[in-house]
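Trainee: Below: sequence and its predicted model.
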Amino acid sequence: MDISSTIQQVIISAFPILIAIVFHELSHGFVAYKLGDHTAKLMGRLTLNPIAHIDPVGTILMPIMLLVLTNGQFVFGYAKPVPINPMNFKNPRKDMAISAAAGPVTNILLAVASVLVLKYVLSPLSYVLSADISATVMTPLIMIFQSSVAVNVVLASFNMIPIPPLDGGRVLTGLLPYRQAASFSRIEPYGFFIVIFLIVTGIANYFVMPIVNLFLSILHVF
């Protein structure tokens, strides 16, 4: 992958990644707020302002490194986690699971929205506009929305890995019986290292890729 294609890929992916992770975190805080926890709102995290959500490593450095190291085949990023205090919920375990599920659900909805824009707005316009406008404006826009589909599907699928602190782990904790949930939640302090191990060894692909392919097959209907 040469420098120019890397720069092009970064430019194309930057906006979709930013939108995906900002809405992902915002949805956690918004759903938690609706369920009774005002922590995110009080800390100024219920906002679309990306500055409030950007993590220098997870939002900027990691996606760029993955783009370069995987030749543009895989990109992943994360924002600063939205603070949630489950003690403010009426049903802490259930409501925490719902708040956690809001992130992946939002990413899938963004992927669906991107597909609809591609099919019903950008593709028709590319046929009726002049060749020059289509090449200079429509083609980059189509590539950005195609990237949005991929980024949101991958982000949703990856976060569904059932290991806390990923969303899938929090959802599983809420679904398990209390005793098993308490035992399972004890791995959370080591969850980040477990996830890194799964990524480095490629084991994560065996969980993520089937979900990615499933979502892409469903989106193909649109």
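Mentor: Alright, I've got the coordinates.

Trainee: distance of the residue sitting nearest the centre point of the chain from residue 181?
Mentor: In the chain, the centroid-proximal residue (CA atoms, centre = their mean) is residue 155; its distance is 3.3 Å. Noted for residue 155: a distance of 25 Å to residue 181, by CB to CB, to the nearest Å. (C-beta placed from N, C-alpha, C; glycine too.)

Trainee: do the same with residue 40
Mentor: 23 Å.

Trainee: Pick out whichever of these two has more residues nearby.
Mentor: Regarding residue 40 and residue 181, a neighbour count based on other CB atoms under 10 Å identifies residue 40 as having more, with 24 against 15.

Trainee: Can you check the pLDDT for the more buried one?
Mentor: On the pLDDT scale, residue 40 is placed at 93.

Trainee: now do residue 121
Mentor: Confidence score, pLDDT, at residue 121: 92.

Trainee: which SS class is it?
Mentor: Under DSSP: H, G, I helix; E, B strand; the rest coil, the three-state class of residue 121 is helix.

Trainee: Just give the number of residues close to it.
Mentor: Close neighbours of residue 121, defined as other CB under 10 Å, add up to 12.

Trainee: going forward, begin numbering at 898 instead of 1
Mentor: Yes, from this point I'll number from 898; that puts the last item at residue 1018.

Trainee: how much space between it and residue 917?
Mentor: Counting by CB to CB, the separation of residue 1018 from residue 917 is 19 Å.

Trainee: circling back to that earlier point, from memory the residue nearest to the centre of the chain sits against residue 918, does it?
Mentor: Yes - in this structure, residue 1052 is within contact of residue 918 by CB atoms under 8 Å, at 7.0 Å.

Trainee: Count the residues that sit near the closest residue to residue 1041 other than its chain neighbours.
Mentor: Among residues not flanking residue 1041 along the chain, residue 909 sits closest, at 5.7 Å (CB to CB, 6 or more residues apart in numbering). Other residues within reach of residue 909, judged by other CB under 10 Å, total 19.

Trainee: Residue 1000 too?
Mentor: 27.

Trainee: how close does it get to residue 908?
Mentor: Residue 1000 is 25 Å from residue 908, by CB to CB.

Trainee: same deal with residue 1046?
Mentor: Distance from residue 1046 to residue 908, by CB to CB: 17 Å.

Trainee: One more: residue 1028?
Mentor: Using CB to CB, residue 1028 is found at 22 Å from residue 908.

Trainee: Check residue 1084 too.
Mentor: From residue 1084 to residue 908 the distance is 38 Å (CB to CB).

Trainee: just residue 953 next, same as before
Mentor: 19 Å.

Trainee: higher neighbour count, the two?
Mentor: For residue 953 versus residue 908, neighbours defined as other CB under 10 Å are more numerous around residue 908 (13 against 9).

Trainee: so what's that one scoring on pLDDT?
Mentor: With respect to pLDDT, residue 908 has a value of 78.

Trainee: How about the one 5 residues further on?
Mentor: pLDDT for residue 913: 91.

Trainee: now residue 1047
Mentor: Reported pLDDT for residue 1047: 91.

Trainee: and it, which of the three is it?
Mentor: helix.

Trainee: What is the neighbour count of it?
Mentor: Neighbours of residue 1047 (other CB under 10 Å): 18.
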